[in-house]
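Undergrad: Sequence first, then the predicted structure, then my questions.
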Amino acid sequence: MQLRPEVGADHFFAVDMRVGRVSAVDPFPEARKPAWKLTVDFGPDVGVKRTSAQVTNYSAEELLDRLVVGAVNLGTKRIAGFVSEFLVLGALAPDGTVHLLDVPPAAEVGWPIG
């Protein structure tokens, strides 16, 4: 994958990334590509948000209660009739598989990523 153009620190730090805990994992058979519907609690400042995530390399059991990193201020996107409210972050393998970022167990829901 090629390096993307430089955006500068102001643009990067404008993205609000937070620690959240997956509270529900639902199937998403309507999606064009295999995906889960995730419900994630980002704590009292952000609240609970939902997203569509192409992370079907993880089982629902592996995702439930997992700490994740989400970009929570990118706006919403409608995917097959479902409103996705944030972007869950992971490393993208050459084959397109998403490997979710690991969050240390000491991190708390709602903490910003800086």
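TA: All right, it came through fine. From a predicted model like this one, the values you see are computed outputs, not experimental measurements.
Undergrad: contacts, neighbours, all on C-alpha from now
TA: Will do.
Undergrad: among the helices and strands of the protein, which has the poorest mean pLDDT?
TA: helix 9-13 (a mean of 88; mean pLDDT, DSSP states H and E).
Undergrad: Return the set of buried residues in it.
TA: Residues of helix 9-13 classed as buried by neighbour count (16 or more other Cα atoms under 10 Å): none.
Undergrad: Quick one: residues contacting Leu92.
TA: Going by Cα atoms under 8 Å, 6 or more residues apart in numbering, Leu92 touches Val98, His99.
Undergrad: give me phi/psi at it?
TA: Main-chain torsions, Leu92, degrees, to the nearest 10: phi -100, psi 110.
Undergrad: could you check the distance from it over to Gly43?
TA: Going from Leu92 to Gly43 by Cα to Cα, to the nearest Å gives 27 Å.
Undergrad: With Ala91 instead?
TA: 24 Å.
Undergrad: At which residues are the strands of the chain located?
TA: 17-27, 36-41, 48-53, 67-71, 77-79, 82-84, 87-88, 90-92, 98-100 (DSSP state E).
Undergrad: May I see those organised as JSON lines, with mean pLDDT and distance to Ser59 added?
TA: Below are those laid out as JSON lines (pLDDT from 0 to 100; distance: least, Cα to Cα, whole Å):
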{"stretch": "strand 17-27", "mean pLDDT": "98", "distance to Ser59": "9"}
{"stretch": "strand 36-41", "mean pLDDT": "98", "distance to Ser59": "9"}
{"stretch": "strand 48-53", "mean pLDDT": "98", "distance to Ser59": "12"}
{"stretch": "strand 67-71", "mean pLDDT": "98", "distance to Ser59": "15"}
{"stretch": "strand 77-79", "mean pLDDT": "95", "distance to Ser59": "21"}
{"stretch": "strand 82-84", "mean pLDDT": "97", "distance to Ser59": "20"}
{"stretch": "strand 87-88", "mean pLDDT": "98", "distance to Ser59": "16"}
{"stretch": "strand 90-92", "mean pLDDT": "96", "distance to Ser59": "16"}
{"stretch": "strand 98-100", "mean pLDDT": "97", "distance to Ser59": "13"}
